[in-house]
Every structure is written in structure tokens, then in C-alpha cells.
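S.K.: A structural model of the following input is requested.
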Amino acid sequence: MIDYLLSFTDEPTAQADPVVGAYWVPASPDGPGQWRGDVCIPGVVVTVIATGQAYNSNWNLIVSQTATNAALAAHPALVLAANRDLANAGQPPDVFILSSVVPASEWPALQISPVFAGSDYPFGGSP
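M.R.: Here you go, the predicted model:
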């Protein structure tokens, strides 16, 4: 699985985005609008472990894909693209991190929460 962490000013901006908005299911007579729960974790927080403070004040979302998604990989809001399977197999960050705007040296001091069940990223405190 490839996990894409994207950061937006707010949730409505993410919903309106032509790429990421494709994972938003609008409200219907059957229920309210929502992010696709099979591939999305909305409202993700990246925390600086030492201070307990949020790394950024943006609204963050993880979109998971079974293979590389070129549109997500090239998205200007992309913070991190990581191969979950390689991380779970114990590969080092320079192998499982496919793309990151955060310097590799900072990831051990950060915690991403929540993450998909079964994720074993070695970022500080992530399950």
C-alpha cells in the first residue's frame, strides 16, 4: 500500500480539489457527505513529540492506494508518500519514503495520528 499524506488549508479546500476531491462522497438522501473510509483518513494530525504541538496548522488527510498514483504523487499538497508494505517489512526510511517535503532527519521526532490499522511506520510513536 502507498500512503499519501496531503495537507490543505482546510477541509473544504480538500473537498474542492480536483484530485483529492474524488475521494469525497457528497451528501445524498442516504446520508451526509464523507471521505471514502476504505482509502481515506481525514483530519490527520502530525505532532512534534517533544512539545506535543501540531507540526502544522493545516487540515491533513491520508489517501491510501494499492499502487503508485501519479496524480497524488505529483500533487502540490503532498507532504509524504510512503510504501506501507516496505515500512512494515522493516525497511529503512530511505527505502520506504517515496517522497517527502519534511527532511528525513525530522521524521523520527514526529508522530502521525491516526494511521491505517496495521501500519508500522517508525516515525516517533506511530503504531
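S.K.: Name the surrounding residues that touch stretch 113-120.
M.R.: Defining contact as C-beta atoms under 8 Å, 6 or more residues apart in numbering, one finds that stretch 113-120 is touched by 1, 3, 41, 44-45, 47, 62, 64, 84, 87-88, 121, 125-127. Every C-beta, even on glycine, is put in place using the N, C-alpha and C of the backbone.
S.K.: switch the cut-off to 7 Å
M.R.: 3, 41, 44-45, 47, 64, 84, 87-88, 121, 126-127 (C-beta atoms under 7 Å, 6 or more residues apart in numbering).
S.K.: Mind checking which of those residues are in helices?
M.R.: 84, 87-88 (DSSP state H).
S.K.: Rank the helices and strands of the protein by mean pLDDT and give me the bottom one.
M.R.: Lowest by mean pLDDT, DSSP states H and E among the helices and strands of the chain is helix 93-96, with a mean of 90.
S.K.: residues of that helix that come out buried?
M.R.: In terms of neighbour count (16 or more other C-beta atoms under 10 Å), helix 93-96 has its buried residues at 93, 96.
S.K.: start the count at 39, not 1, going forward
M.R.: In the new count, where the first residue is 39, that last one comes out as helix 131-134.
S.K.: No further questions, thank you.
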